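1. return a 3D structure for these sequence lines:
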Amino acid sequence: MGFNLTVNGDRLSSAADPATPLVDILREEVHLTGAKPVCREGFCGACMVLVDGEPTPSCLLPAALADGREIHTVEGLAPLGTLNRIQAALEASDAVQCGMCFPGMVVSLTHFLTTRPDATRDDIRAALTGNICRCTGYERIVEATLLALATT
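-> Have a look, this model is predicted:
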């Protein structure tokens, strides 16, 4: 049994076991390694992708449920060699440390910026509850998000 999905605008087919987590399809078949299979329980947010525009932990989504869906990974959020506005703000704010959580955080914050252009500091902190970072303490991430909101 095969399935089809669209990843970053490219239509793909897979013959993988339908129960295979989407994160494994993305990494092993599509060779996009931004989504990180860290906890495999949907708790940490390191594997976050957009599925039909909504942030989704790809470790919890069986590949068969991605059939016919539009998937965007961190690699597809901006044209190759460029940064979207949250990526640019995170870089300008020196908010990135080890990088393990950041692909998922960028996906979540990219979605957040499109849905909450009037967000407050508390809104940003609430939006990050599905993404765990053990390095930064979040303050620079919040500051970078405020910077990104100011550059619209």
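2. pull out the buried positions in stretch 38-58.
-> By neighbour count with 16 or more other CB atoms under 10 Å, stretch 38-58 contains the buried residues 38, 44-51, 55-58. (Each C-beta comes from the backbone N, C-alpha and C, glycine too.)
3. can I get the residues you listed in JSON lines including pLDDT and distance to residue 91?
-> Output for the buried residues of stretch 38-58, formatted as JSON lines (pLDDT from 0 to 100; distance: CB to CB, whole Å):
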{"residue": "38", "pLDDT": "95", "distance to residue 91": "22"}
{"residue": "44", "pLDDT": "95", "distance to residue 91": "22"}
{"residue": "45", "pLDDT": "95", "distance to residue 91": "20"}
{"residue": "46", "pLDDT": "96", "distance to residue 91": "19"}
{"residue": "47", "pLDDT": "97", "distance to residue 91": "22"}
{"residue": "48", "pLDDT": "98", "distance to residue 91": "19"}
{"residue": "49", "pLDDT": "98", "distance to residue 91": "21"}
{"residue": "50", "pLDDT": "98", "distance to residue 91": "21"}
{"residue": "51", "pLDDT": "98", "distance to residue 91": "26"}
{"residue": "55", "pLDDT": "96", "distance to residue 91": "21"}
{"residue": "56", "pLDDT": "97", "distance to residue 91": "25"}
{"residue": "57", "pLDDT": "98", "distance to residue 91": "25"}
{"residue": "58", "pLDDT": "98", "distance to residue 91": "24"}
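4. quick check, nearest of the residues you listed to residue 127?
-> residue 55 (9.3 Å; CB to CB).
5. pretty sure that closest one sits in a strand.
-> Yes: counting by DSSP: H, G, I helix; E, B strand; the rest coil, residue 55 is located in a strand.
6. that older thread, mind listing which of the buried residues of stretch 38-58 are in helices?
-> Per DSSP state H, helices hold no members of the buried residues of stretch 38-58.
7. would you mind giving those as JSON lines with distance to residue 79 added?
-> Output for the buried residues of stretch 38-58, formatted as JSON lines (distance: CB to CB, whole Å):
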{"residue": "38", "distance to residue 79": "27"}
{"residue": "44", "distance to residue 79": "28"}
{"residue": "45", "distance to residue 79": "24"}
{"residue": "46", "distance to residue 79": "24"}
{"residue": "47", "distance to residue 79": "23"}
{"residue": "48", "distance to residue 79": "20"}
{"residue": "49", "distance to residue 79": "18"}
{"residue": "50", "distance to residue 79": "16"}
{"residue": "51", "distance to residue 79": "21"}
{"residue": "55", "distance to residue 79": "21"}
{"residue": "56", "distance to residue 79": "23"}
{"residue": "57", "distance to residue 79": "26"}
{"residue": "58", "distance to residue 79": "22"}
